[in-house]
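Asker: Pasting the sequence and the predicted coordinates here, then a few questions.
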2 protein chains.
Amino acid sequence: MQTQVQNELIENAIESGKLLGMLKYLPDGQLTHAPFSMSPYSISASDLQEMTELTSYFSELMIRISQDWAFLEHHLKPISETDPFLKMLLDFRKQEVTQSKQLLIQRNDFFITKDELSNGGQDRIAANETSPDSSLRQVELNTVSASFPFLITQLVRLHQNLYEQKLLEQIIPNNPLNPVVDAFAKAVRDYGSADAVMLMVSQPAESNRFDQLGLEQLLWEEHKIQTVRKSLTEIYENGCLREGHLVLDGKTVAVTYYRAGYTPDDFRTSEAIKGRQMIEASSTVQVPDLPMQLAGMKKIQQVLTRPEILSAFVSPQISKLCLKTFAGMHCLDEIIETPEGELCASEWASMNPDKYVLKPQREGGGNNYFGREIPKKLAKMKQEEQNAYILMEHIQAKTHSAILVVDGQAETMNCVSEIGRYGICFAENGVVQSNRDVGYLVRTKAENVNEGGVCAGFACLNSLTTA
Amino acid sequence: MQTQVQNELIENAIESGKLLGMLKYLPDGQLTHAPFSMSPYSISASDLQEMTELTSYFSELMIRISQDWAFLEHHLKPISETDPFLKMLLDFRKQEVTQSKQLLIQRNDFFITKDELSNGGQDRIAANETSPDSSLRQVELNTVSASFPFLITQLVRLHQNLYEQKLLEQIIPNNPLNPVVDAFAKAVRDYGSADAVMLMVSQPAESNRFDQLGLEQLLWEEHKIQTVRKSLTEIYENGCLREGHLVLDGKTVAVTYYRAGYTPDDFRTSEAIKGRQMIEASSTVQVPDLPMQLAGMKKIQQVLTRPEILSAFVSPQISKLCLKTFAGMHCLDEIIETPEGELCASEWASMNPDKYVLKPQREGGGNNYFGREIPKKLAKMKQEEQNAYILMEHIQAKTHSAILVVDGQAETMNCVSEIGRYGICFAENGVVQSNRDVGYLVRTKAENVNEGGVCAGFACLNSLTTA
């Protein structure tokens, strides 16, 4: 239970958060604040440094993979035979290069593992599973729609104000929003068309509208660059190609920023598909372009955990740094070494369901299988479906107590925190021109979403503090 | 009816407004945007210049009156005999001066009259009524709780962004928030105590919370000055006097900013009264101090319309400028010249109810009587009650069409707009040290609040555009 002083502090934080644009709509249309934590996540200096250094390595890795269509096709085409969404994405590819400039805005998400696991004592479940040399475990790398740059910047502003007023511990400064907006502005200017705009490809019903709007607003106020916001269907209906340029509402689209287009739901109409094709046929700078989007898929994440594959793209030194943050990942029919000898990964996972997460290859979230669900799902799965799933080691994240605030209500819960690092990388024809880490995202949620309470199940924005 | 393009524009403006902190709570506790207009109010350059020039004259007038306790007492004491609230305010006065520094943050509100009235053809209802030399008519001068500096600054930011994107006409820049916050910061610094705070005296249930919070936030982010927010009751319960300083939560209160304390509702408990007395006994800089608050009362506004009284405080030249913006004002038993000879003002108003507004002397708003209500109210009024009311000429404001947006719904309505100018004045022992106009407020509302529609009755934030 919170004390009176704590209650007042939380009440004021809620109001300040609303004022700062940390807003969301509830399913019934009511406006409320975005869920947030009042307990900054404590991270060691070494974990933070390791994570930050990895950002540019992973950005460059994605750029390099994006230049290797044969590699992408080799790993993704087999899956596309049973996954029409992936097939559609692969089919979007055009032979001719319409734009040689690339801008990647990615977010690399990690958990920090429990101390006893990372200190060399990890319960190794197979000889080729992840290294104990790092506490970090990569959850996923988001090359498309790396969201929350506005909301996390505002949450950190809120926490910073509280810290400065001695109402919260000292936090680590963070503002990914400005560099992201500056990157878009540079990309628009470099495109070279006067009065060109940024296109934000959006989902028709977007619950994270305010994160996008905060970005649009800063892009206007700082750079006087307008954002046109359209769904893929609207792009087809309102757009056209003019001398190679994508033109919408009479304006040349210099940059197309995808906050949609990564899930089959975004392609329910044939017009949406045609909208995506229209973008692809134009010379607009796509953030990300199709190969970068594909490079961020779980299947690619999985094959990159194989050292011999990863080393084809990065130096041995960087490969080593990346590998030690990878959780074990397998395709279902992979033969893996286990304490009980060589076994098929799906068989082993059925015997040890608590040690794995079964993830569909396609994006969207919320479709993962845990624990007891895994053998059930595997038993029902058709042979040809198997390709579309990945087995990932269930990361044993460090837990901590945190006050979570959801829709005006605060609860102290046992939590886990997922930490993302934002990276911005400019490249041309695959040659990196600038590449840097620009800040963090922390999302804290109840360890056990089934334990009930209003705050369970909500990922709450959070800041970092030094351990 | 709005077109599709207009609907989209309004929808985006609503979302942007929310993001900018233009928020309010509905009576049921739901969060929504503050009502606003999508039709900037068109003002002539000469009206704008006249209004802007008047700000510092009126600020100085208030400072001078605040130094003349005998004058205030002479006019207010008779009313206080039947008005316990006013009596209480007068009784707050202490003989000794605890703080010689004054900071006035005022807002001077005007209507602009219909062209046919201001162009010399005004339907003069009595020989001593207002001059036709100006289109401006002062509604009231707010020396206490001159609100909306944050919300109007954000509304203008919203309109400015729309204008720059060619979605709205050009508007007149406006940012009263920064100068108001800078003034508070200067007052806190000049007070000379390390780590001193600003006290915001607030009403327990405040519907305009976000306007206050925006100010508090900027005061912190720009000047690292903390705001303590308390009701008068809480001030008594938590505060104390220490070596002449007001101390709250262990912090010295350099500046006390009243966003409450101007209505009897704020003094329902004896603790609230004691809280106000505690402030008065301290050396905190009160914004406004008691005499400045009293100088802004309607009774004082009314007596200042008499040239012989006004000229005691300002030069003949300034007196002339002020007088021509005054609407006719009378106390009820005043004998006035009318086309039908000398009559008692209340008698004349009963015969011409559409030409007057009957206003209670005390603040609070929403208690005015119009038209047919006036003779009814006057007939029921006891002799001793009369002192507590003022008759004011019903200002025939220029009407204009405007799109008003209230709780997500837009309507085009015939409207009137009230324009306020914010003034900041520093003085010491009544000697003005700096004095300037710092921006405007426009509130646009349906001309006839009885005509129905969701937007009727709501004062909507608006910007100015040059006619």
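Answerer: That came through, no problem.
Asker: Closest residue of the stretch 351-467 of chain A to chain B?
Answerer: Closest to chain B within the stretch 351-467 of chain A is residue A:408: 9.2 Å, counting by Cβ to the nearest Cβ. Heads up, the C-betas are built off the backbone N, CA and C, glycines and all.
Asker: Would you mind confirming that that residue is in contact with residue A:33?
Answerer: Yes - if you go by Cβ atoms under 8 Å, residue A:408 and residue A:33 touch, sitting 7.4 Å apart.
Asker: Select the longest strand from chain A.
Answerer: If you go by DSSP state E, chain A has its longest strand at strand A:409-428.
Asker: State the next helix or strand along the chain beyond that strand.
Answerer: strand A:431-446 (DSSP states H and E).
Asker: average pLDDT for that next one?
Answerer: The predicted model gives strand A:431-446 an average pLDDT of 97.
Asker: That strand pairs with which strands, parallel or anti?
Answerer: strand A:409-428 (antiparallel), strand A:460-462 (antiparallel) (DSSP bridges).
Asker: How is chain A divided into domains?
Answerer: A:1-26+A:33-115+A:133-165+A:399-466, A:175-287 (the TED database).
Asker: and the last one, how far apart are its ends?
Answerer: The stretch domain A:175-287 measures 20 Å between its terminal residues, going by Cα to Cα, to the nearest Å.
Asker: what's the answer for stretch A:287-303, then?
Answerer: 24 Å.
Asker: tell me which residues in it are buried?
Answerer: A:287-303 (16 or more other Cβ atoms under 10 Å in any protein chain shown).
Asker: likewise stretch A:330-343?
Answerer: For stretch A:330-343, by 16+ other Cβ under 10 Å, it's A:330-332, A:334, A:336, A:338, A:343.
Asker: what residues does chain A put near chain B?
Answerer: Within reach of chain B by Cβ under 8 Å from any Cβ of the partner chain, chain A has these residues: A:15-16, A:18-21, A:23, A:30-32, A:161, A:164-165, A:209-210, A:213-214, A:217, A:220-221, A:224, A:226.
Asker: Weed out the non-buried ones from the residues you listed.
Answerer: A:15-16, A:18-21, A:23, A:31-32, A:161, A:209-210, A:213-214, A:217, A:220, A:226.
Asker: Helices along the stretch 201-350 of chain A, start to end?
Answerer: A:209-223, A:232-238, A:270-281, A:290-295, A:298-304, A:307-310, A:316-323, A:345-351 (DSSP state H, counting those that start in this stretch).
Asker: List just the one of those helices that sits closest to residue B:465.
Answerer: helix A:209-223 (20.0 Å; Cβ to Cβ).
Asker: Touching that closest one from outside, list them.
Answerer: Helix A:209-223 is contacted from outside by A:21-25, A:34, A:147-151, A:153-154, A:177-178, A:180-182, A:184-185, A:188, A:198, A:200, A:202, A:206, A:225-227, A:229, A:259, B:15-16, B:18-20, B:161, B:164-165, using Cβ atoms under 8 Å, 6 or more residues apart in numbering or on different chains.
Asker: Please report how far the nearest residue to residue A:323 once chain neighbours are set aside lies from residue B:404.
Answerer: Nearest residue to residue A:323 in three dimensions, chain neighbours excluded: residue A:307, at 6.0 Å (Cβ to Cβ, 6 or more residues apart in numbering or on different chains). For residue A:307, the distance to residue B:404 equals 65 Å [Cβ to Cβ, to the nearest Å].
Asker: ditto for residue A:34
Answerer: In terms of Cβ to Cβ, residue A:34 sits 29 Å off from residue B:404.
Asker: Residue ranges in chain A under the pLDDT threshold?
Answerer: Low-confidence regions of chain A, defined here as pLDDT under 70, cover residues A:1-2, A:115-132, A:363-366, A:449-454.
Asker: Find the centremost residue of chain A, please.
Answerer: residue A:142 (3.3 Å; Cα atoms, centre = their mean).
Asker: which ones are touching that residue?
Answerer: Here residue A:142 is in contact with A:106-109, A:296, A:420 (Cβ under 8 Å, 6+ apart).
Asker: Need the buried ones from these selected in ChimeraX.
Answerer: Here is the ChimeraX selection string for the buried members of those, based on 16+ other Cβ under 10 Å:
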select /A:106,107,108,109,296,420
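Asker: of all the contacts of residue A:142, which two lie farthest apart?
Answerer: Once Cβ to Cβ is applied, the contacts of residue A:142 give A:296 and A:420 as the farthest pair, at 13.0 Å.
Asker: Excluding covalently adjacent residues, which one is nearest to the residue in the stretch 251-400 of chain A that chain B sits nearest to?
Answerer: Closest to chain B within the stretch 251-400 of chain A is residue A:251: 10.8 Å, counting by Cβ to the nearest Cβ. Nearest non-adjacent residue to residue A:251, counting by Cβ to Cβ, 6+ apart: residue A:197, 4.6 Å away.
Asker: burial count for that neighbour?
Answerer: 23 (other Cβ atoms under 10 Å in any protein chain shown).
Asker: residue contacts, it?
Answerer: A:188, A:225-228, A:248, A:251-254.
Asker: cutoff 6 Å now
Answerer: A:226, A:228, A:251, A:253 (Cβ atoms under 6 Å, 6 or more residues apart in numbering or on different chains).
Asker: Buried members of those into ChimeraX, please.
Answerer: Listed next is the ChimeraX selection for buried residues among the contacts of residue A:197, using 16+ other Cβ under 10 Å:
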select /A:226,228,251,253
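Asker: ok, residue A:255 touching residue A:187?
Answerer: Yes - taking Cβ atoms under 6 Å as the definition, residue A:255 is a contact partner of residue A:187 at 4.8 Å.
Asker: joint contacts of these two?
Answerer: With Cβ under 6 Å, 6+ apart, residue A:255 and residue A:187 have common neighbours residue A:285.
Asker: of those two, who's got more company?
Answerer: Remark: of residue A:255 and residue A:187, residue A:255 carries more neighbours, 27 against 23, as counted by other Cβ under 10 Å.
Asker: Now residue A:19: closest residue in space that isn't a chain neighbour?
Answerer: Nearest non-adjacent residue to residue A:19 (Cβ to Cβ, 6+ apart): residue B:21, at 4.3 Å.
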